[in-house]
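# below are the sequence and a predicted model for it; my questions follow.
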Amino acid sequence: MRHVFSWIAVSLMIQGIATAAFGSATTMTLESVINQMKPYEGKHISGVDPSTLSGKILCGYQGWFSAPGDGAGLGWSHYAWNPHEFRTDKCVFDLWPDMAEMDPDEKFDTPYRHKDGSPAFVFSSYNRKTVLRHFRWMKQYGIDGVFLQRFGVQLKNPQEMNHRNVVLASVQAGANESGRAWALMYDLTDLQPGEIEKFVIEDWKRLKDRMKITQDKSYLHHNGKPVVAVWGIGFDDNRPYSLDECGKLIQFLKNDPQYGGNTVMAGVPTWWRDLKWDAVPDKKLHEVILQADIVSPWMVGRYNSPDAARKHVEEYVKQDLAWCRKNGKDYLPVVFPGFSWQNLKRCYGEDAPLNDIPRLKGRFMWTQAVSHIRTGADMIYIAMFDEINESTAIFKCSNDPPVSECKFMTYEGLPSDHYLWLTGNIMRLLRKEIPVTDDPPERTQNK
């Protein structure tokens, strides 16, 4: 069984290296970071209806990339294995972002070079201009918005919290200026016993009090309440925090007199219902899930072909959906375009094939979406918008990656915006604006 989600713990460790390497260069304190938190006060453009998750396509948004000189002080975080040294034989991503549309102040030069000798640039999520650009792409291709990842372990360090806060503020601006919706997703990975209450619950209080995020006109609601996702509940990978702590967090988000009143989504293992394989064999997991409002099983890497995806939906998802309907829960399936992590595994001295789960020019992703919709799904989570580390990104990626010891995937010669376009068509499919078909729609050139 492929434990793809373990990359999140690895990536957080990498960011820890960056903090150690660059943290001494700043006088940033937790108090100073908190004091900078403030509500969004920019313009708002109406667009996507943020009052419901039903009928929506939302993408996961990592927003965790950084580069020297971007102001974050975290080095090449989520690009290089050691963020203060970006080597051409050691990186942690398999897809190279397409930088063709980026302005000069969004481009960060790397040691990598293209075939013609020209510099290979990357972006930084710390740059608001780039995040706003991403949201304009969402608007252009009809993608409803994002679940913004907020990693609990990054709330323990001032620099990392600052990075997350800056990205959050940029996401707010992007959603409001482009008429998109967004919601927060807490990722509990790598938190220790007691730290959910100490860091995550306290963080939510600050976000409500200081940034007033649920009052943001673009913040996603469902069943009349703001949506908050909690990812990492019940995985059988020796997580230090307990199911009781997860339940306590859900109860706080739902029922606290001052900070509750939310619709809570639970990010759970694929085989949560059967309590096997990637799920802890503990019936308490069901008790915790029953406290939530939306169930979203993690699917990345759980099948590797269109036929296997169809089979999984038929054998498991139908019963998942029936369980949720019986218990009054909404169901948010996860769809992903493909998978590859060769360069990350090479950093460990391990082998992994490039293009491990082939995209098949979009057929793999389309088949998943069609299978879920035929089964009755009325909302879909796309993993992910900007995840080039596991090569699940749908944003614009290059067909001309640099030449180096590290090898990179391409979009098989398709336009760099192909998966944005395809995601927009899945949205139309979900809303019954186009017919359900086994084959993905054909695309005319540049459209």
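Thanks, I have the structure now. Numbering: from 1, shown residues only.
# pLDDT wise, what is the spatially closest residue to Val92 that is not a sequence neighbour at?
Nearest residue to Val92 in three dimensions, chain neighbours excluded: Leu344, at 4.6 Å (CB to CB, 6 or more residues apart in numbering). In short, each C-beta sits where N, CA and C put it, glycine included. According to the prediction, Leu344 has pLDDT 96.
# now Phe5
In this model, Phe5 carries a pLDDT of 43.
# cool, and Met211?
So Met211 comes in at 98 (pLDDT).
# quick one, what contacts the closest residue to Ile45 other than its chain neighbours?
Excluding its sequence neighbours, the residue lying closest to Ile45 (CB to CB, 6+ apart) is Gly179, at 4.5 Å. Taking CB atoms under 8 Å, 6 or more residues apart in numbering, we find Gly179 in contact with Ile45, Ser46, Gly47, Val48, Lys139, Ser218.
# isn't the fourth one right up against Val146?
It stands for Val48. No - in this structure Val48 lies outside contact range of Val146 using CB atoms under 8 Å: 11.0 Å.
# in the host helix or strand of Arg136, what's buried?
Taking DSSP states H and E as the definition, one finds Arg136 inside helix 128-141. Within helix 128-141, the residues that count as buried by 16 or more other CB atoms under 10 Å are Arg128, Thr130, Val131, Leu132, Arg133, His134, Phe135, Trp137, Met138, Lys139, Tyr141.
# with stretch 111-126 instead?
So stretch 111-126, judged by 16+ other CB under 10 Å, has buried residues Tyr112, Ala120, Phe121, Val122, Phe123, Ser124, Ser125, Tyr126.
# show me what contacts the fourth one?
The neighbours of Val122, taking CB under 8 Å, 6+ apart as the test, are Phe65, Ala67, Tyr79, Trp96, Pro97, Met99, Lys107, Phe108, Thr110.
# distance check, the fourth one against Pro402.
By that I understand Trp96. Distance, Trp96 to Pro402, by CB to CB, to the nearest Å: 7 Å.
# these two: which has the busier surroundings?
The neighbour comparison of Trp96 against Pro402 (other CB atoms under 10 Å) goes to Trp96, with 24 against 19.
# wouldn't the more buried one be in contact with Lys396 here?
No - using CB under 8 Å, Trp96 is not in contact with Lys396, being 10.5 Å away.
# what do Trp96 and Pro402 both touch?
With CB under 8 Å, 6+ apart, Trp96 and Pro402 have common neighbours Ala120, Phe408.
# if we can go back for a sec, out of Val48 and Val146, which sits in the busier spot?
A direct count of neighbours by other CB under 10 Å for Val48 and Val146 places Val146 higher, at 29 against 22.
# pLDDT score for that one?
99.
# and Gly16, by the same measure?
At Gly16, pLDDT is 49.
# ditto for Thr26
56.
# begin at 40, not 1, for the rest of this chat.
I'll keep to 40 as the first residue from here, and by that count the last item is Thr65.
# what ranges does the stretch 140-289 of the chain have for its strands?
All strands of the stretch 140-289 of the chain, identified by DSSP state E, counting those that start in this stretch, fall at 147-152, 158-161, 184-190, 220-226, 260-261, 264-270.
# report the distance from the first one to the chain centre.
For strand 147-152, the gap between its own C-alpha mean and the chain's C-alpha mean amounts to 25 Å (CA atoms, centre = their mean, to the nearest Å).
# same for it, what does it pack against?
Where contact means 3 or more CB pairs under 8 Å, 6 or more residues apart in numbering; DSSP states H and E, strand 147-152 is packed against strand 158-161.
# what pairs with the strand it packs on, parallel or antiparallel?
strand 147-152 (antiparallel) (DSSP bridges).
# residues contacting the strand it pairs with, please?
Contacts for strand 147-152 (CB under 8 Å, 6+ apart): 106-109, 118, 125-127, 158-163, 441-443.
# point to the residue nearest the middle of this protein.
Gly99 (2.8 Å; CA atoms, centre = their mean).
# surely it meets Glu429?
No - contact criterion CB under 8 Å: Gly99 and Glu429 do not qualify, at 10.9 Å.
# got any residues that touch both of the two?
Common neighbours of Gly99 and Glu429 (CB under 8 Å, 6+ apart) are Met423.
# how about the nearest residue to Pro392, chain neighbours excluded?
That would be Gln381: by CB to CB, 6+ apart, it lies 6.6 Å from Pro392.
# against Glu80, how distant is Asp109?
According to CB to CB, Asp109 stands 24 Å off from Glu80.
# more neighbours: these two, which one.
Using other CB under 10 Å as the criterion, Asp109 and Glu80 rank with Asp109 on top: 21 against 8.
# list the residues that contact that one.
Phe147, Ser163, Tyr165, Asn166.
# how about Ala119?
By CB under 8 Å, 6+ apart, the neighbours of Ala119 are Phe125, Arg126, Lys129, Cys130, Val131.
# which residues does it bridge with?
Residues in beta-bridge contact with Ala119 (DSSP bridges): Cys130.
# so for it, what's the pLDDT?
For Ala119, pLDDT reads 98.
# may I see the buried residues of stretch 118-136?
118-122, 125, 129-136.
# residue contacts, the closest residue to Pro320 other than its chain neighbours?
Spatial nearest neighbour of Pro320, chain neighbours left out: Leu314 (4.9 Å); criterion: CB to CB, 6+ apart. Contact analysis of Leu314 by CB under 8 Å, 6+ apart lists Pro320, Asp321, Lys322, Leu324, His325.
# tell me the two of those residues that are most distant?
Spatially, the most separated pair among the contacts of Leu314 is Pro320 and His325, at 11.5 Å (CB to CB).
# and those two? Which one has more around it.
Per other CB under 10 Å, whichever of Pro320 and His325 has more neighbours is His325, with 16 against 11.
# can you tell me the SS state at that one?
Under DSSP: H, G, I helix; E, B strand; the rest coil, His325 falls in the helix class.
# just list whatever residues bridge to Thr302.
With DSSP bridges as the rule, Thr302 is bridged to Val266.
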